[in-house]
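Visitor: sequence-free structure coming up:
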């Protein structure tokens, strides 16, 4: 009898243990991450470092995979899928977010940041917190602000030295009314277009030019069909490593702390790698015959943006204080 009870007890304990393991396995979270870039891009490396740190520090409770090269869809669609929870996390430019998350439009105002270090300081502080609150209300939790450098114009016609040089040019822009307004303020013809369509459109003359940072201009071979690169540096748009709010809400408080800390450390890594990549890209461009011109005085470009600011602030009076905070920062 005693032996039978012992066997029964052992069996019950074993069943409970197995049940516990099953519950533990069931509670493990496997994340899907969206990324538009190639595997060795600074963003891609930063995202993988984020996921590796989260997996290690949660003892495998959270695992996943980063899907590079935009295989989970184009950026606007991926942003919406992440907001809905179909994608767990992604690395997005704040530019395309402006259509659905008004607070993110602030960083798309031309010349809003004085420099990339200025952007770092502001996004890591109150400005980032204010923009992040708006994002979270729309389903995205910011985990880290990535660097995307400064965007400048490139085209197949001529160097751009003044706003007048934009007149009549067909310029590809990201899908955001602010970028359209930016080009129109200089009497150019703005053409919103998916990033993957730009090379062929430049090659065939559907557009005369576009605007982007050096690594994007170089890594996509756009410089082969648009050899004039003019360093207007008109946009410094931070990018965000974001998690779906729906996925975030599944995490324990301890896991949320780990995810936030991993996001911050991945941003620090990405920024360092970005600066290295930007330097190498400029070297590749010059070696490949790109005609690069700097613009020592950008005053004329900045003044041309006055109507863009006036219209934006009239439509978003609640953002006046935040815009002034950025523009008046030391």
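Guide: Arrived safely, thanks for sending. These numbers come from a predicted model, not from an experiment.
Visitor: where exactly do the helices run in this protein?
Guide: Secondary structure of the chain (DSSP state H): helices at 2-27, 42-57, 75-84, 116-123, 126-137, 177-184, 198-204, 214-219, 245-248, 253-287, 299-304, 306-315, 320-327.
Visitor: and the longest one, what does it pack onto?
Guide: Under the contact criterion of 3 or more C-beta pairs under 8 Å, 6 or more residues apart in numbering; DSSP states H and E, helix 253-287 touches helix 42-57, strand 140-146, helix 214-219, strand 239-244, strand 291-294. C-beta: built from backbone N, CA, C; applies to glycine.
Visitor: which residues touch residue 237?
Guide: By C-beta atoms under 8 Å, 6 or more residues apart in numbering, the contact set of residue 237 is 93-95, 107-108, 148, 151.
Visitor: still on that earlier bit, can you put the helices of the chain in JSON lines and add mean neighbour count?
Guide: As requested, the helices of the chain are exported to JSON lines (neighbours: other C-beta atoms under 10 Å):
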{"stretch": "helix 2-27", "mean neighbour count": "9"}
{"stretch": "helix 42-57", "mean neighbour count": "21"}
{"stretch": "helix 75-84", "mean neighbour count": "19"}
{"stretch": "helix 116-123", "mean neighbour count": "18"}
{"stretch": "helix 126-137", "mean neighbour count": "17"}
{"stretch": "helix 177-184", "mean neighbour count": "21"}
{"stretch": "helix 198-204", "mean neighbour count": "17"}
{"stretch": "helix 214-219", "mean neighbour count": "22"}
{"stretch": "helix 245-248", "mean neighbour count": "18"}
{"stretch": "helix 253-287", "mean neighbour count": "17"}
{"stretch": "helix 299-304", "mean neighbour count": "15"}
{"stretch": "helix 306-315", "mean neighbour count": "14"}
{"stretch": "helix 320-327", "mean neighbour count": "14"}
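Visitor: With residue 68 as the reference, name the closest of these.
Guide: The stretch from the helices of the chain with the least distance to residue 68 (C-beta to C-beta) is helix 42-57; that distance is 5.3 Å.
Visitor: can you list contacts of that closest one?
Guide: Residues outside helix 42-57 that contact it (C-beta under 8 Å, 6+ apart): 31, 33, 35, 37-38, 62-66, 68, 91, 143-144, 146-147, 215, 239, 241, 258-259, 262-263, 265-267, 269-270, 273-274, 276-277.
Visitor: what angle do that helix and strand 140-146 make?
Guide: Angle of helix 42-57 versus strand 140-146, following axes from the mean of the first three to the mean of the last three C-alpha atoms, to 10 degrees, is 120 degrees.
Visitor: and the angle from helix 42-57 to helix 253-287?
Guide: Going by the same axes, to 10 degrees, helix 42-57 makes 160 degrees with helix 253-287.
Visitor: Next, the angle from helix 42-57 to strand 239-244.
Guide: Orientation check (the same axes, to 10 degrees): helix 42-57 against strand 239-244 gives 40 degrees.
Visitor: what's the average pLDDT for helix 42-57?
Guide: For helix 42-57, mean pLDDT rounds to 97.
Visitor: my guess is residue 258 meets residue 58, correct?
Guide: Yes: between residue 258 and residue 58 there is a contact under C-beta atoms under 8 Å: 6.0 Å.
Visitor: Give me the neighbour count for the residue nearest to residue 178 when sequence neighbours are not counted.
Guide: Using C-beta to C-beta, 6 or more residues apart in numbering and skipping residues adjacent in sequence, the residue nearest residue 178 is residue 108, 4.6 Å away. Using other C-beta atoms under 10 Å, residue 108 is surrounded by 24 other residues.
Visitor: Would you confirm that residue 108 contacts residue 176?
Guide: Yes: using C-beta under 8 Å, residue 108 is in contact with residue 176, at 5.9 Å.
Visitor: Which residues are in contact with each of those two?
Guide: Here residue 108 and residue 176 have 95, 98 as joint contacts, going by C-beta under 8 Å, 6+ apart.
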